[in-house]
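S.K.: Build me a structure from this.
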Amino acid sequence: MQTITTTAHIEPDTRFRVTPFPDGGNSFVSLRVKGDFVEVVLIAPCGTSQALRNLAAAAIEATGALDAMTSDASGGDRDGSPELAL
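M.R.: Here you go, the predicted model:
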């Protein structure tokens, strides 16, 4: 990944769009995450599909953590782990 650090909150109405750009030797896919005031675009050239798979796996892991926190807020028990890593 090239350098930039930013933070944005994902909201229930956040929109996602994948757009392929098949351009011979410079083909890539853009993955857009868009809210009302912020848009984050990830550019994935050929050869980076595993990185996108890892991103998808991390997103699924994050949903599990959110589901657990929601469950904990309604009376469950949380282990206090600060972050999850792949």
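S.K.: Could you report the neighbour count for the closest residue to residue 26 other than its chain neighbours?
M.R.: Spatial nearest neighbour of residue 26, chain neighbours left out: residue 45 (7.5 Å); criterion: CB to CB, 6 or more residues apart in numbering. In this view, the C-beta of every residue, glycine as well, is placed from N, C-alpha and C. By other CB atoms under 10 Å, 11 other residues sit near residue 45.
S.K.: Next: residue 15.
M.R.: Residue 15 has 11 neighbours, counted by other CB under 10 Å.
S.K.: I figured it was touching residue 31, is that so?
M.R.: No. Residue 15 is beyond contact range of residue 31, at 11.7 Å (criterion: CB atoms under 8 Å).
S.K.: and the residue nearest to residue 26, what is it in contact with?
M.R.: 26, 27, 28 (CB atoms under 8 Å, 6 or more residues apart in numbering).
S.K.: cutoff 10 Å now
M.R.: By CB atoms under 10 Å, 6 or more residues apart in numbering, the contact set of residue 45 is 21, 26, 27, 28, 29.
S.K.: where's the closest residue to the third one other than its chain neighbours relative to residue 55, distance?
M.R.: The shortest distance from residue 27 to any residue that is not its chain neighbour, by CB to CB, 6+ apart, is 5.3 Å, and that residue is residue 46. Using CB to CB, to the nearest Å, one gets 16 Å for the distance from residue 46 to residue 55.
S.K.: more neighbours, these two?
M.R.: The residue with more neighbours, out of residue 46 and residue 55, is residue 55; 15 against 11, by other CB under 10 Å.
S.K.: Let me know the helix or strand that the most centrally placed residue in the chain is in.
M.R.: By CA atoms, centre = their mean, the mean C-alpha position of the chain lies nearest to residue 59, the distance being 5.3 Å. Following DSSP states H and E, one finds residue 59 within helix 49-73.
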